[in-house]
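J.: Fold the following and give me the result.
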Amino acid sequence: MTSSDVDRAPAGAAALDAVDWLPATGVEWSAEPSELAGRRLDRSGWEPVGGPAAVAFPRSPEDVQEVLRGAQATRTPVVPRGAGTALTGATTAGAGAIVLDLGRMNRILAIRPDDGVAVAEPGVITAELDRAAAAHGLRYAPDPASLEISTIGGNIATNAGGLRCAKYGVTRDSVLGLDVVLAGGRRISTGRATLKGVVGYDLTSLFVGSEGTLGVVVAATLRLRPLPEPTATIAASYPDVADAAAASVALTAARIQPVLAELLDANTLDAIDAAEGTRLRAGGAALLIVQTDGGPDEAARAAEVLGRTATTLRSTTDPAETAALLAARRRALPAIERLGRPLIEDIAVPRSRLADAIRQIGAIARRHDVPICTVAHAGDGNLHPIIVARPCSGPIPAAAARAADEIFELALRLGGTVSGEHGVGTLKRTWLEREIGTTNHDLQQQLKAVFDPYGILNPGKAL
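T.: Presented below is the predicted three-dimensional model:
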């Protein structure tokens, strides 16, 4: 099967006719214009051609099976969707598609403290699972910036990262097993409920990050971790963003593994101060927020390393002050959105190249005369250079598009990747083959065809 075969899916009037079978199913559905419009776009700002024909609201795995059986029989494209927080166009729905809204499959099916696992449906809000685990002295470690609104299913689909991934890894590191409905309606289970297991190929990891193109997750068995002792949070300001990046790398050299290490540049600090009335920028041109959970000695060593080049430094174990610092970090994107249309890029480089990457992103901004606010998960080399495009609507300005291309080229030149945690979606498909190579790309297309021979699952995304 060729690449074009895999991407094939009906569109337009033919696809609209193809969803006549939906009302006959036992699944709740809607074709109301407001429901369709609300699920056509995601947070990326990318607009597909046309709009979806219907929205289906499954409440059980059997409902999902019913929809996918009908969709394959009629060759109707299906776009799985959680909260719509995707940043690369992965959950946009174009002409004739059915949106499979999984938001009503939102039950935490089990928390088993002795085993350190939880079982959750895809529509569970990430933060709600973490809070439920905390009642048992446990934590669900992945914490994307959207954790209060994003869903477990969406996090799995994109292999979402987050602030704590510096120490605890991305979503894939917390997924032990999955229940998945395949394109034709078959249901399979992958992985296990144990912390170790090596039987068979690792299909669980294959589904994580596949952006709904291989199957629809209907339940996940997730690893929970013990809540740590009270953590120390350090906020260090620096005269230059490259100095802040170098300080984060120095933590690794000192054999300190922070829970998180979040870097914000001057443009980002200015945006947060303007939006929130804070004075983060007063300390310097960059802020590094570091959190440790290894006890007082580790916190003291981290403060000593960070303080060597910092202009200001404060360390706290106070929950309220810690919450305020992390809230400022999580509000960075809404603050930047006040400045114009944000093009949220997502690259990762080896940690040793972090300072170099930030310097060159600054040069790209100056060369194309476009504002770029850079936020980074400095602990693992994941950067979010956010290009602020003006005007806020219409086509992306040519200068902004050129800057984005140069940022992707920079990531590959430094030995990194064009997507650290947001996925490929539609916006980065042109860069996929450049990063992974033609042979690898062909193999991935063949894998897609094995799981979805008619190309109905989220066509035009990820590959």
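J.: can I see the domain layout of the protein?
T.: Domains of the chain are assigned by automatic domain parsing as 3-104+444-451, 108-226, 232-413.
J.: Model confidence for A13, exactly?
T.: A13 is assigned a predicted lDDT (pLDDT) of 40.
J.: One more: Q360?
T.: pLDDT, read off for Q360, is 96.
J.: ditto for P258
T.: So P258 comes in at 95 (pLDDT).
J.: Of the domains of the chain, which is nearest W431?
T.: domain 232-413 (5.4 Å; CB to CB). From N, CA and C alone the C-beta is placed, and that goes for glycine too.
J.: Show me the one of the domains of the chain that comes nearest E433.
T.: That would be domain 3-104+444-451 among those, by CB to CB, at 9.7 Å.
J.: Columns distance to W431 on top of the domains of the chain, output as a markdown table?
T.: Listed next are these as a markdown table, based on distance: least, CB to CB, whole Å:
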| stretch | distance to W431 |
| --- | --- |
| domain 3-104+444-451 | 11 |
| domain 108-226 | 15 |
| domain 232-413 | 5 |
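J.: per-stretch mean pLDDT over these, give me the minimum one.
T.: Among these, domain 3-104+444-451 scores lowest, at a mean of 87.
J.: returning to what we had before: now mean neighbour count too, for the domains of the chain, in CSV please.
T.: Converted to CSV, those look like this (neighbours: other CB atoms under 10 Å):
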stretch, mean neighbour count
domain 3-104+444-451, 20
domain 108-226, 21
domain 232-413, 19
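J.: who wins for proximity to A462 among the ones you listed?
T.: It's domain 108-226; of the domains of the chain, that one is closest to A462 (CB to CB) at 4.2 Å.
J.: How far away from the center of its chain is the closest one?
T.: Centroid displacement of domain 108-226 relative to its chain, using CA atoms, centre = their mean, to the nearest Å, is 13 Å.
J.: Can you get me the start-to-end distance on it?
T.: End-to-end distance of domain 108-226: 18 Å, with CA to CA, to the nearest Å as the criterion.
J.: What of stretch 427-445?
T.: This stretch, stretch 427-445, spans 18 Å end to end (CA to CA).
J.: related to what we said a few turns ago, mind checking which of the domains of the chain is nearest G425?
T.: domain 3-104+444-451 (2.9 Å).
J.: in the stretch 251-400 of the chain, which spans are helices?
T.: Here the stretch 251-400 of the chain has its helices, by DSSP state H, counting those that start in this stretch, at 266-276, 296-307, 319-330, 332-337, 354-368, 398-413.
J.: Could you dump those helices into CSV with distance to A95 added?
T.: Shown next, in CSV, are the helices of the stretch 251-400 of the chain (distance: least, CB to CB, whole Å):
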stretch, distance to A95
helix 266-276, 36
helix 296-307, 52
helix 319-330, 35
helix 332-337, 28
helix 354-368, 34
helix 398-413, 25
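J.: dump the residue contacts of L432.
T.: By CB atoms under 8 Å, 6 or more residues apart in numbering, the contact set of L432 is 418, 424, 441, 463.
J.: I'd like to know how far the nearest residue to the third one once chain neighbours are set aside sits from A132.
T.: So the one you mean is H441. Among residues not flanking H441 along the chain, E433 sits closest, at 4.6 Å (CB to CB, 6 or more residues apart in numbering). From E433 over to A132 the distance is 41 Å, taken as CB to CB, to the nearest Å.
J.: Over to S174?
T.: Taken as CB to CB, the span from S174 to A132 is 15 Å.
J.: Please apply the same query to R279.
T.: 36 Å.
J.: ditto for S205
T.: From S205 to A132 the distance is 25 Å (CB to CB).
J.: before we move on, back to that, figure out which of the domains of the chain is closest to K428.
T.: Closest approach to K428 among the domains of the chain (CB to CB): domain 3-104+444-451, 5.9 Å.
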